[in-house]
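A.B. asks: what follows is a protein structure lacking sequence information:
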């Protein structure tokens, strides 16, 4: 599960993917387990939910390069694009509204575009979190 965002700009609406992962880590009682992983240039935490092993990932890059971290983690942890969930902001959704999408285009989102390019696939599931338009 990759929370897309701008690592240096945490707390902004565009980095809501990282905030969602922080919340998920707290709910799964692994919030203290975040560690910097230099190989994939991301903060990672391992968790278990309903007998599934999860890798939580927050790229340490700007949004338009998030895909490099996601692709590196996919290679290191032997994940296929269809195993990956991307959590990211969506300007076209009202603040706080969420939607799940399987595959498809990036719809103008630079972080998703970066992931599609780096993974050579658009088969990732996306959790789109509405941030509204300013």
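C.D. replies: Right, received. Where do you want to start? Quick caveat, the model's predicted, so the values are computed rather than measured.

A.B. asks: need phi/psi at the residue found closest to residue 59 once you drop the neighbours it is linked to in the chain.
C.D. replies: By the measure of CB to CB, 6 or more residues apart in numbering, the closest residue to residue 59 outside its immediate chain neighbours is residue 69, 3.6 Å from it. All C-beta spots, glycine's among them, are computed from the backbone N, C-alpha and C. Main-chain dihedrals, residue 69, degrees, to the nearest 10: phi -70, psi -40.

A.B. asks: burial count for residue 69?
C.D. replies: By the other CB atoms under 10 Å criterion, the neighbourhood of residue 69 contains 27 residues.

A.B. asks: same question, residue 71
C.D. replies: Close neighbours of residue 71, defined as other CB under 10 Å, add up to 21.

A.B. asks: ok, it - contacts?
C.D. replies: Residues near residue 71 by CB atoms under 8 Å, 6 or more residues apart in numbering: 115, 118-119.

A.B. asks: out of those, which comes closest to residue 89?
C.D. replies: Nearest to residue 89, judged by CB to CB, of the contacts of residue 71 is residue 115 at 13.8 Å.

A.B. asks: in three-state terms, label the closest one for me.
C.D. replies: Classification of residue 115 by DSSP: H, G, I helix; E, B strand; the rest coil places it in helix.
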